[in-house]
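**Student:** Need a 3D model of the following:
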Amino acid sequence: MSGKLLFMRKMRRLSPTFLSSFISHRNYSADGVWKRQCPVYGSHRSVCGISDLFSIDVKALNAYSSLENRLMLFSTMAGTILIQARDPSKLNMEMLNAIDERRYVDTWKLYEQHQQMEGFPRKSVVNRLLTGFAESLDVQWLEKAFGMVEQAFEESKQNLLEKEPLIYLSLGLAKCGLSVPASTILRKLVETEQFPPVTAWSAILAYMSQTAPGAYLAAELILEIGYLFQDGRVDPRKKSNAPLIAMRPNTTAFNIALAGCLLFGTTRKAEQLLHMMPRIGVKADADLLIVMAHVYERNGRREDLQKLQRHIDESCNLTDIQFRQFYNCLLTCHLKFGDLDSASNMVLEMLRKAKKAQNSLAAATLVLEAARNDKSLLTTHISGPNQNQEKPNGSNNNSLIENQIISYDEFSRDRNFVKLGNEAKEVLLTLLAKLQTQVELITTEHGILQPTEKIYVKLVKAFLEAGKMKDLAQFLIKAEKENSPVSNDDSALVHVIKSCISLGWLDQAHDLLDEMRFSGVRTSSSVYASLLKAYCKANRPGEVASLLRDAQKAGVQLDSSCYDTLIQSRVLQQDTQGALHLFKEMKVAKIPRGGNQEFERLVEGCAGNSEAGLMSKLLREIREGQKLDSGVHDWNNVIHFFCKKRLMQDAEKALAKMRSLGHTPNAQTFHSMVTGYAAIGGKYIEVTELWGEMKSLASSTPMKFDQELLDSLLYTFVRGGFFIRANEVVDMMEKGNMFIDKYKYRTLFLKYHKTLYKGKAPKFQTESQLKKREAALAFKKWVGLC
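**Tutor:** Reported below is the predicted structural model:
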């Protein structure tokens, strides 16, 4: 009796569906029955997904012939299955043990089992898995952890996720270069009003800014978060706003994002950040002033740079390196606009101040040396040799160890995220150090600003291209007077003349030689000799005669190599009498044979791109450098001003005038126009016309589309629902391997076009309507909404 009760108890554990199917197929083999009935249900949940619970001996099952024996065997198997099915609480404990022991593979297998049985584990386990995977700093496990977060949001179970573990996971993702998921988590935190403090998310931004996509996303995040605080939208007096206020971007966050934009060339995005700063009450520190200077210089905002100069000169906590960076930016901006007077005056002013400071420094050094000599014996007698001298600090180990992360226990104890704030500042130092390496025009010596050879090269090239020979000669002569005196053969002006001769610019070289003579600056015969030979080689006898007269007026005696060249030239012209006359003149003057070949070797060496100081650098700059159209920068500033003030009719007139004067608009021009139309709103037809013009211009000129221009176009087209044009922009960006922030466009689509083309397509629609529908659905699919 007890055996039958036990048998019936086991039978009740089986699903009714399973039993009816088994009875109806009692003539089939046990193998067939098993295949038909899998999965087996216990407590209304499937456990067939776990392969290790279903190891059965089918042959033994077929050996039973009677229905009673088969039922008895299946009841026994059902009991075994129920016994072997994992207890969720036990799985949770095993997962915690596995993650604590860093057995990530086992942890993930257990997690998948739990998902099949019960769905997500309990809240504490989920968050422990996220932090455990983040601690590994392994891309594989970080991506799986991010997948868990995505799944939780998709299933509306974001209440399982806590703020601190998500911040920690985002930090780990950013450290491993996974900027997109790192930024997505931050955005999700803001959406769910679990506001991360700025000290925490600025560190995440810092690691993101190490890559081009990450730097772009960092700027986008600051713009999105800063928008919440614009124009005093958040009342700081309310206690309920305290977590939100703690998230407001600070100076460090702006410095990081701006530095990242500068390093990867997204400078117009950086300018948007600068416009936001006063609207959310962010004050500039010394670093931010210099970063602003870099942004203004890159975008050609010379007036803003000159306004900033007053703050720079009045600031008392700037270092020599920061001063050097600012004046390098100002000097570069003068060159961009073709303002050679301002640029050359800046260089001369630097030389004057440097000369004065060096004289003062030399006098002070003599006084100090005398004082040291008087006290040296007494000091040595009292304290002996100074063996406790201050050691140089060297690099303060600012280089980041990106493959390390603090443990989550340590992270969670730091409630104010002080350590993350310090990490952000360390990363900022490395970003700013990279910016410092881009300074080429100015150097510092003992805290004194001095021009480099690079600025001389750029100025000379600009003067030559503008045809301002007189201004160039006067500038170089003044520079030689202010600088340490050198021999006439090694002056900067002589090097420039040599470069012009090497490039075949003989008229410019002659003009500069005349300016030297008019200014009373003597030069050696080697310069005249080289120009004379170049004229002879070019078969320009009139210029040869003129140069000979100039040499006689200057009291310059030509060497034998010049006479040889002149005689050979006369012979080729069949002027025998002239050749004999020159030969006699050479004998009477007792000019030794051989002459000075040093100059010729120098010119030939530079022509072969070998190093020869200023001359070689000038030749390389002229050959490789592109000629700047300063008018484009002027008109870009005018158009930018009108667009900023939303005076689009004036901007259109300025653009038309720019074209009529022969200046070709560039990416910056069109970016100003597109953002200006977008600010007004509803000007989508005008933007579409601009897009058509840009495409035709790109096919006929070397104009290049950059990421910022295409991103602004894409945003405008998606906002206005012009998805055919939007898909064109997407194709162009993808062909150019440009980063696209899909999360932003997914959010934008859901905000303005959530219900667009959701139902079935109408039976009757025009070809135009069909194309629009297909384009919208294609874009929707691209952003991952279908």
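
**Student:** only C-alpha atoms for contact and neighbour calcs from this point on.
**Tutor:** Fine.

**Student:** wouldn't residue 226 be in contact with residue 248 here?
**Tutor:** Yes - between residue 226 and residue 248 a contact is recorded at 6.7 Å, counting by Cα atoms under 8 Å.

**Student:** higher neighbour count, the two?
**Tutor:** A count of neighbours by other Cα atoms under 10 Å puts residue 248 above the other of residue 226 and residue 248, at 22 against 19.

**Student:** Now the more buried one: which helix or strand?
**Tutor:** Remark: residue 248 resides in no helix or strand, with elements defined by DSSP states H and E.

**Student:** What confidence value was assigned to it?
**Tutor:** Reading off the confidence values, residue 248 has pLDDT 95.

**Student:** does residue 443 count as helix, strand or coil?
**Tutor:** Following DSSP: H, G, I helix; E, B strand; the rest coil, the label given to residue 443 is strand.

**Student:** Let's see the pLDDT reported for the residue lying closest to it once chain neighbours are set aside.
**Tutor:** Distances taken as Cα to Cα, 6 or more residues apart in numbering put residue 450 closest to residue 443, at 5.4 Å, once the chain neighbours are dropped. We have a pLDDT of 87 for residue 450.

**Student:** And the strands in this structure?
**Tutor:** With DSSP state E as the criterion, the chain has strands at 41-42, 45-46, 442-445, 448-451.

**Student:** Contacts for stretch 222-236 next, please.
**Tutor:** Stretch 222-236 has contacts (Cα atoms under 8 Å, 6 or more residues apart in numbering) with 241, 242, 245, 248, 249, 253, 254, 257, 273, 276, 279, 280.

**Student:** first to last residue in it, what's the distance?
**Tutor:** Stretch 222-236 stretches 19 Å from its first residue to its last (Cα to Cα, to the nearest Å).

**Student:** Return the set of buried residues in it.
**Tutor:** Residues of stretch 222-236 classed as buried: 222, 223, 225, 226, 229 (neighbour count, 16 or more other Cα atoms under 10 Å).

**Student:** Name the nearest of those residues relative to residue 321.
**Tutor:** Proximity of the buried residues of stretch 222-236 to residue 321 (Cα to Cα) peaks at residue 222, which lies at 27.6 Å.

**Student:** Which members of the contacts of stretch 222-236 occur in helices, if any?
**Tutor:** In this view, the contacts of stretch 222-236 that belong to helices under DSSP state H are 242, 245, 253, 254, 257, 273, 276, 279, 280.

**Student:** Just the buried residues of these.
**Tutor:** Among these, the ones that count as buried by 16+ other Cα under 10 Å are 245, 253, 254, 257, 273, 276, 280.

**Student:** Need the residue closest to the centroid of this protein.
**Tutor:** Per Cα atoms, centre = their mean, the C-alpha nearest to the average position across the chain is that of residue 264, at 1.9 Å.

**Student:** Show the model's pLDDT score for residue 352.
**Tutor:** The per-residue pLDDT of residue 352 was computed as 88.

**Student:** neighbours around it, how many?
**Tutor:** Using other Cα under 10 Å, the number of residues around residue 352 comes to 17.

**Student:** list the contacts for it?
**Tutor:** For residue 352, the contact set (Cα under 8 Å, 6+ apart) comprises residue 482.

**Student:** Neighbours of the residue nearest to residue 443, how many?
**Tutor:** By the criterion of other Cα under 10 Å, residue 450 has 21 neighbours.

**Student:** Return the closest of the buried residues of stretch 222-236 with respect to residue 468.
**Tutor:** Using Cα to Cα, residue 223 comes nearest to residue 468 of these, at 45.9 Å.

**Student:** How much space separates that closest one from residue 674?
**Tutor:** Distance from residue 223 to residue 674, by Cα to Cα: 18 Å.

**Student:** what's the answer for residue 503, then?
**Tutor:** According to Cα to Cα, residue 503 stands 43 Å off from residue 674.

**Student:** In terms of neighbours, single out the busier of these two.
**Tutor:** Neighbour totals were compared for residue 503 and residue 674, and residue 674 leads with 25 against 15 (other Cα under 10 Å).

**Student:** who's in contact with the nearest residue to that one once chain neighbours are set aside?
**Tutor:** Setting aside the residues directly before and after it, residue 674 is nearest to residue 687 in space (Cα to Cα, 6+ apart), at 6.2 Å. Contacts here follow Cα under 8 Å, 6+ apart; on that basis residue 687 touches 674, 677, 713, 716.
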